[in-house]
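1. here are the coordinates; sequence isn't available:
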């Protein structure tokens, strides 16, 4: 479950929240009857609804994609978002944007190659530049080598680069928040834990077995 309280349909009168609840959950209360058409629980929405101003700001950010004045190819945008989800370790952002990448024209081979894009030969030069730039944004905190930026600039306008930077950084934020608050598919225990060493007779038997080799 999420680490923060969820907001049910009867707990809010905010028009933006209620509008999105209607679109995503129909007449259901998303807290007591969770589930969206994409298979998620929907608790990203019910937790963000705690602060309607934040909810509204995030929803308007999603609406940015539909702005006809944007120049960035949607496939390149989704490459950045999908790789950002993987690089930040967010199952939620990665999984959702694998689907969006397919919808924007990404092939199954390309979706499967996102984790190891650097050794894959299914990406074009501009796609590789976008993926390298995404890694510099997410994994290196914006420390972008001149060569990486030059490769990107060889294919994209300044306007497209700004759009790519903004959206990719935005989704790194969403990936980070989903992990921190354990939202949707990021409601997972950390896999990096101590593995207990053998004790007592198990330890003695292990030591004897090693000595005998």
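-> Structure's in. What do you need? If you're wondering where the values come from, they're calculated on a predicted model, not measured in any experiment.
2. Check the spacing between residue 111 and residue 50 real quick.
-> Going from residue 111 to residue 50 by C-beta to C-beta, to the nearest Å gives 33 Å. The way it works is simple: take the backbone N, C-alpha and C, and place the C-beta from them, glycine included.
3. what's the answer for residue 178, then?
-> 15 Å.
4. so where does the nearest residue to residue 78 once chain neighbours are set aside fall, helix or strand?
-> Nearest non-adjacent residue to residue 78, counting by C-beta to C-beta, 6 or more residues apart in numbering: residue 101, 4.2 Å away. Taking DSSP states H and E as the criterion, the element that holds residue 101 is helix 91-103.
5. ok, so what distance separates residue 102 from residue 82?
-> Counting by C-beta to C-beta, the gap from residue 102 to residue 82 is 10 Å.
6. Looking at those two, which one has more neighbours?
-> Per other C-beta atoms under 10 Å, whichever of residue 102 and residue 82 has more neighbours is residue 82, with 30 against 16.
7. Could you check which helix or strand contains that one?
-> Per DSSP H and E: helix 74-87 holds residue 82.
8. for this protein, longest helix please?
-> Secondary structure of the chain per DSSP state H: the longest helix is helix 158-181.
9. Now that one: buried residues?
-> 160-161, 163-165, 167-168, 170-172, 174-179, 181 (16 or more other C-beta atoms under 10 Å).
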